[in-house]
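Participant: Could you look at this predicted model? Sequence included:
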Amino acid sequence: MSAELKSVQQQLKTLRQQIELYNYQYYVLNDPSVPDAEFDCLFRALQQMEQQYPHLITPESPTQRIGAAPVKAFAQVQHNTPMLSLNNAFDEDEVKAFDRRVSEGLAGLTANPIEYAVEPKFDGLAVTLRYENGLFKTGATRGDGYTGEDITHNLRTIKVIPLTLPVEKAPGFLEVRGEVLMLKADFIQLNKEQLQKGEKPFANPRNAAAGSLRQLDAAITATRRLMFFAYGIAPNRDALTPQDTHSAIMAYLARLRFPIARECAVVQGSAGLIAYYSSIAAQRERLPYDIDGVVYKVNALAQQEELGFVARAPRFALAHKFPAQEAMTRLLDIDVQVGRTGALTPVARLEPVFVGGVTVTNATLHNADEISRKDVRIGDTVIVRRAGDVIPEVVSVVLAQRPAQTRRFVMPDHCPACGARAVRPEGETVARCTGGLFCPAQRKQALLHFASRRAMDIEGLGEKLVNQLVDNAIVRTPADLYTLGITALANLARMAEKSAGNILAAIEKSKQTTLARFIYALGIRNVGEATAKDLARHFGSLDRLMDASMENLLQVRDIGPIIAQSIVDFFAEHHNREVIERLRASDVSWEESIGTASEPASINAISGKTFVLTGTLPNMTREDAKAQIEQLGGKVTGSVSKKTDYVIAGSDPGSKYEKAVNLGITILDETGLKNLLQTI
């Protein structure tokens, strides 16, 4: 035997052993160690080698059988008709070649184009259901295609599977083929429950469905939300079943109350097949279940019989698979990105890998907790998932391929963009940068918030202009706005001298503001408009607020530990204080007062009371009414509750008025509000 032949035999042996191992992990253990795309590549490589060396094909080769042997924990069931696999296509040329082979195989028997029944390719577990005289008798997995596992008791727990066929006269024997799967929403809920119980979450809906269906205890299966879709019947000569087309069989199954995919259709020729593939691909992310491609079947049953079978698959059917949504690659490093709101997100840097139709080099790791839960380490081999337009993510680690020299990742305690402290509030999964006013990653968001209507109200300073100012390095912090010159603005795209003058005038006008607006404009995390007003009223001075301790802050109405800590963290960052001092130096100012932190305000009929405004007031705007109430220590909220003291109702007050009447809350009109204000 030549050295070359020995080498080929060894390659074939290695490929077959690897595929058999993956088959065992996928079908028997329900714990796949590689994504589908990796398996498909190996299988195709084996097929190509055996085509090149047909005399080396052996009966035990994976290409000569359909799947893995069933586990021995279940009784074995012999299939009356084998449950064959389908050949795969991955591009349009292979689909056209399939249509051409079908046409040639039916030459003289039919006119072109060929009619095909088409349907989504479910990503679940194939099963067969046997009915005798309309009663569900047994159900089995596909197993190796010839012998499956008896899972009748588990299948009976799936409510969508009929136990009795809803017809007066049922076939004496009917074998329904279909797929058991788990809907996306049910999968998410199941994994939440797994985590709550401290148990390992499932990798994907198919893994969850397979693990649930193959429980030895049917009571466990009954607790899982499994779904079944029928996609055909085993060959049947009973006159009660359709004998003409596959589409007629699907309609018959629907009449028997078996779930079938709504997306089933009938098309003509290769053009129809390719158009259907594109249509389903566009719908894929919106479907309630996972699919990994579409299936094409010659519609006429007589033509199917004429075309027949090859060793492991029918000639009349084809699976056109989508680009793999999962792929395996190596994790080279982990970086941390800072978002517009200061959130720190770990990002995996990957060896380039083709997944979901594109080459992926980066993938999100979400947060430190997820890295710990998945035990992701730098240097690991990982499985990456990309579904549609969703950001690629690292799904899991291939522990069997972990090298000895891997590094654990530690989340930084300082922002990588600006060096400010990164804090992770108790109960939250995300760490955040505290350098809101000067952090480069947060510049655009900080400037837009600072200039917004309820903050400094700089008219004309919108997103497009902020983008230009930051991208051209003209503005780095809000303080830089007050040193802008007309030349710098006028030279920007779509910014004439008059427009630039209007912007500068709006910036100048914003220098005179209120303490509450200025506090809100700083963009302190968890400090909204109402909280900013409470802080301004309580402290009366920005310096007193900046120097306030946790204890001082907790004395402010409606401020708890989380908000107080956010304020302390913000003012503890000296760069934030520097920006504030520059703003003051640019003559940004407001009136200050003693504040209740130093001297309690006088008690009046409004102080500490909660108001709700509803309807249209005849002579006051809601903003005016709100400002006057808050100036006297009242609080204005948006909804009526038992804690509401007054409802101020104008014309067309709506449901808030009705709720106030039912709760017995004092209702005032505009005159009543004015009288209340004037008595103080």
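Facilitator: That came in fine, so what should we check first?
Participant: Can you give me the end-to-end span of stretch 283-295?
Facilitator: 15 Å (CA to CA, to the nearest Å).
Participant: same check, this time on stretch 663-671
Facilitator: OK, stretch 663-671 end separation, CA to CA: 22 Å.
Participant: how about that stretch: buried residues?
Facilitator: By 16 or more other CB atoms under 10 Å, the buried positions in stretch 663-671 come out as 665, 667, 669-670. The C-beta positions use only the backbone N, C-alpha and C, and glycine is treated the same way.
Participant: which residues touch residue 149?
Facilitator: 70-71, 74-77, 140-141, 143, 214 (CB atoms under 8 Å, 6 or more residues apart in numbering).
Participant: what about the residue nearest the centre of the chain, which SS state?
Facilitator: Centroid-nearest residue in the chain, with CA atoms, centre = their mean: residue 390, separated by 6.7 Å. What DSSP: H, G, I helix; E, B strand; the rest coil gives for residue 390 is coil.
Participant: circling back to that earlier point, can you lay out the contacts of residue 149 as CSV showing distance to residue 569?
Facilitator: Listed next are the contacts of residue 149 as CSV, based on distance: CB to CB, whole Å:
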residue, distance to residue 569
70, 59
71, 55
74, 58
75, 63
76, 64
77, 64
140, 61
141, 56
143, 59
214, 51
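Participant: Relative to the whole chain's centre, how far out is the helix or strand of the chain with the lowest mean pLDDT?
Facilitator: Sorting the helices and strands of the chain by mean pLDDT, DSSP states H and E puts helix 622-631 at the bottom, at a mean of 82. Mean-position distance between helix 622-631 and its chain equals 42 Å (CA atoms, centre = their mean, to the nearest Å).
Participant: Can you give me the buried ones in the lengthiest helix in the chain?
Facilitator: Secondary structure of the chain read by DSSP state H shows that its longest helix is helix 3-23. Neighbour counts over helix 3-23 (16+ other CB under 10 Å) mark 12, 15-16, 18-20, 22-23 as buried.
Participant: So which elements touch the one helix or strand residue 575 maps to?
Facilitator: Using DSSP states H and E, residue 575 maps to helix 574-585. With contacts taken as 3 or more CB pairs under 8 Å, 6 or more residues apart in numbering; DSSP states H and E, helix 574-585 sits against helix 542-546.
Participant: I'd like to know which elements the helix or strand following the helix it packs on is packed against.
Facilitator: Counting by DSSP H and E, the element after helix 542-546 in chain order, helix or strand, is helix 550-553. Judged by 3+ CB pairs under 8 Å, 6+ apart, helix 550-553 is in contact with helix 561-572.
Participant: Residue ranges in the stretch 451-600 of the chain under the pLDDT threshold?
Facilitator: By pLDDT under 70, the low-scoring segments of the stretch 451-600 of the chain are 595-600.
Participant: What ranges does it have for its strands?
Facilitator: Counting by DSSP state E, counting those that start in this stretch, no segments of the stretch 451-600 of the chain form strands.
Participant: Equivalent analysis for the stretch 1-150 of the chain, please.
Facilitator: Under DSSP E, counting those that start in this stretch, the stretch 1-150 of the chain gives strands at 76-78, 88-89, 115-122, 125-132, 135-141, 147-149.
Participant: of all those, which lies closest to residue 644?
Facilitator: strand 115-122 (52.4 Å; CB to CB).
Participant: Identify all contacting residues around that closest one.
Facilitator: In contact with strand 115-122 (CB under 8 Å, 6+ apart) are residues 179, 181, 229, 231, 245-247, 250, 261, 263-268, 272-273, 276, 280, 287, 289-300, 319-321.
Participant: Buried among the residues you listed? Make that a ChimeraX selection.
Facilitator: Remark: buried members of the contacts of strand 115-122, expressed as a ChimeraX selection using 16+ other CB under 10 Å:
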select :179,181,229,231,245,246,247,250,261,264,265,267,272,273,276,280,289,290,291,292,293,294,295,296,297,298,299,300,319,320,321
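Participant: So which of the contacts of strand 115-122 belong to strands?
Facilitator: 179, 181, 229, 231, 265-268, 291-298, 319-321 (DSSP state E).
Participant: Tell me the one of the buried residues of stretch 663-671 nearest residue 208?
Facilitator: Nearest to residue 208 among these: residue 665, at 49.9 Å, using CB to CB.
Participant: Could you pull up the contacting residues of that closest one?
Facilitator: Contacts of residue 665 (CB under 8 Å, 6+ apart): 640, 644-647.
Participant: Among the residues you listed, which lie within strands?
Facilitator: For those, the ones inside strands are 646-647, with DSSP E as the criterion.
Participant: Please pick the buried ones from the contacts of residue 665.
Facilitator: Neighbour-count burial (16+ other CB under 10 Å) applied to these gives 640, 644, 646-647.
Participant: any chance of the residues you listed in a markdown table, with pLDDT and distance to residue 357 too?
Facilitator: Listed next are these as a markdown table, based on pLDDT from 0 to 100; distance: CB to CB, whole Å:
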| residue | pLDDT | distance to residue 357 |
| --- | --- | --- |
| 640 | 89 | 52 |
| 644 | 91 | 54 |
| 646 | 92 | 59 |
| 647 | 92 | 56 |
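Participant: Could you take those and lay them out as JSON lines, with extra columns for distance to residue 439?
Facilitator: Listed next are those as JSON lines, based on distance: CB to CB, whole Å:
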{"residue": "640", "distance to residue 439": "40"}
{"residue": "644", "distance to residue 439": "39"}
{"residue": "646", "distance to residue 439": "42"}
{"residue": "647", "distance to residue 439": "43"}
